[in-house]
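Chemist: structure for the following, please:
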Amino acid sequence: MKILLLGKNGQVGWSLQRSLAPLGELVALDSQSQTHCGDLSNLTGLAQTVRDVAPDVIVNAAAYTAVDKAENEPVLAHTINALALSVLAQEAKRIGAWLIHFSTDYVFDGSGDKPWLETDATVPLSVYGVTKLAGEQAIIASACKHLIFRTSWVYGARGNNFAKTMLKLAQERDSLKVVNDQMGAPTGADLLADVTAHAIRTALQNPNVSGLYHLVASGETSWYEYACFVIDFARQAGLEIKVAQTAIQAVPSSEFATVAKRPLNSRLNTNILQKTFSLHLPDWQSGVTRMLVEHLQ
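Modeler: Residues are numbered from 1 along each chain as shown. Have a look, this model is predicted:
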């Protein structure tokens, strides 16, 4: 089996290189790749890459993810998040390949307090959300074999993430303000990668699993509670922390002005995914703890 991975150096793409390697021959690309075009803004080059590689499975971990910047670059965001997916889906359909893609809770309006179902109405609040939804719709409209995984609050051990930022600030400042009215589940790139590999194995045996799924770690928290968990863990691990636990202040989103509006409710219901693929998704704390142990070593 041959697998084409796009976005190999992103948080999810980096972990996917590990989880996909045992499944078959892996051709991993990013936007700077020279042998084949891995740049999702180059639609012609992208189509040619699929034709040249002729993969059995295409895994797209690339995206335009600068949520605020997208408000001022809607054409580029749409090209990468929507038009490129239309190209990939059409090429996948033509050669009978599976297309695996990652989407986001930003396709919803973030209202209420119940975990979103795959069937709930989509009302994105931002250009980023609009373009990601258009990418989903392009894949589904193509009728190619596909797995779309909506996720949220993704972090990786490699590169920057919220937890590392909080630790840095906690070592430098006497007080912190952290948003407490946005709810979700911190989800590790390694979890996404491992579930993806498992789902691909299942899909190759049972094409009927083709569809859209929600994929996040179990449980829920706020950014404030997440920050407190991270800082408390680091303190207990012996890291020198300047900020006192009582000096971490919970504040509403309105305290921080952003160009693009963020959804308050990023909870995703994963029951369909767990049942379809016979999976148990671990709680968010276990993945964050593992990442922190690695980071603090």
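
Chemist: and the helices in the stretch 1-150 of the chain?
Modeler: 11-20, 43-53, 67-70, 74-78, 84-95, 127-142 (DSSP state H, counting those that start in this stretch).

Chemist: in JSON lines, list the ones you listed along with mean neighbour count, distance to V178 and mean pLDDT.
Modeler: For glycine as for every other residue, the C-beta is placed from the backbone atoms N, C-alpha and C. Output for these, formatted as JSON lines (neighbours: other C-beta atoms under 10 Å; distance: least, C-beta to C-beta, whole Å; pLDDT from 0 to 100):
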{"stretch": "helix 11-20", "mean neighbour count": "22", "distance to V178": "21", "mean pLDDT": "96"}
{"stretch": "helix 43-53", "mean neighbour count": "17", "distance to V178": "39", "mean pLDDT": "97"}
{"stretch": "helix 67-70", "mean neighbour count": "18", "distance to V178": "18", "mean pLDDT": "97"}
{"stretch": "helix 74-78", "mean neighbour count": "17", "distance to V178": "27", "mean pLDDT": "98"}
{"stretch": "helix 84-95", "mean neighbour count": "21", "distance to V178": "34", "mean pLDDT": "98"}
{"stretch": "helix 127-142", "mean neighbour count": "22", "distance to V178": "22", "mean pLDDT": "98"}
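
Chemist: identify whichever of those helices lies nearest to Q249.
Modeler: Shortest separation from Q249 across those is recorded for helix 67-70, at 23.2 Å, computed as C-beta to C-beta.

Chemist: other residues contacting that closest one?
Modeler: For helix 67-70, the surrounding residues in contact (C-beta atoms under 8 Å, 6 or more residues apart in numbering) are Y64, A77, Y106, S126, V127, Y128, T131, T258, V259, A260, R262.

Chemist: the last one and Q182 touch, don't they?
Modeler: Yes: with contact defined as C-beta atoms under 8 Å, R262 and Q182 form a contacting pair (6.2 Å).

Chemist: okay, and the common contacts of these two?
Modeler: In contact with both R262 and Q182: G110, S253, using C-beta under 8 Å, 6+ apart.

Chemist: and for A247, the neighbour number?
Modeler: A247: 13 surrounding residues under other C-beta atoms under 10 Å.

Chemist: surely it and A170 touch.
Modeler: No: using C-beta under 8 Å, A247 is not in contact with A170; the gap is 9.6 Å.

Chemist: quick check: neighbours shared by these two?
Modeler: Both A247 and A170 are in contact with L176, where contact means C-beta under 8 Å, 6+ apart.

Chemist: grab the nearest non-local neighbour of E91.
Modeler: Using C-beta to C-beta, 6 or more residues apart in numbering and skipping residues adjacent in sequence, the residue nearest E91 is V50, 3.9 Å away.

Chemist: now do A82
Modeler: A134 (3.7 Å).

Chemist: what's the answer for Y226, then?
Modeler: Per C-beta to C-beta, 6+ apart, closest to Y226 is P186, 5.9 Å.

Chemist: please apply the same query to D56.
Modeler: Nearest in space to D56, with sequence neighbours left out and distances taken as C-beta to C-beta, 6+ apart, is M1 at 4.8 Å.

Chemist: which stretches of this protein form strands?
Modeler: Using DSSP state E, the strands found in the chain span residues 2-6, 25-29, 57-60, 98-104, 145-151, 154-155, 176-179, 183-184, 187-188, 211-214, 221-222, 248-251.

Chemist: pLDDT on the fourth one, on average?
Modeler: The predicted model assigns strand 98-104 a mean pLDDT of 98.

Chemist: thinking again about what came up before, can I get the strands of the chain in JSON lines including mean neighbour count and distance to S19?
Modeler: Output for those, formatted as JSON lines (neighbours: other C-beta atoms under 10 Å; distance: least, C-beta to C-beta, whole Å):
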{"stretch": "strand 2-6", "mean neighbour count": "24", "distance to S19": "10"}
{"stretch": "strand 25-29", "mean neighbour count": "19", "distance to S19": "10"}
{"stretch": "strand 57-60", "mean neighbour count": "26", "distance to S19": "10"}
{"stretch": "strand 98-104", "mean neighbour count": "25", "distance to S19": "12"}
{"stretch": "strand 145-151", "mean neighbour count": "23", "distance to S19": "13"}
{"stretch": "strand 154-155", "mean neighbour count": "22", "distance to S19": "15"}
{"stretch": "strand 176-179", "mean neighbour count": "19", "distance to S19": "31"}
{"stretch": "strand 183-184", "mean neighbour count": "22", "distance to S19": "23"}
{"stretch": "strand 187-188", "mean neighbour count": "24", "distance to S19": "12"}
{"stretch": "strand 211-214", "mean neighbour count": "20", "distance to S19": "17"}
{"stretch": "strand 221-222", "mean neighbour count": "20", "distance to S19": "25"}
{"stretch": "strand 248-251", "mean neighbour count": "16", "distance to S19": "35"}
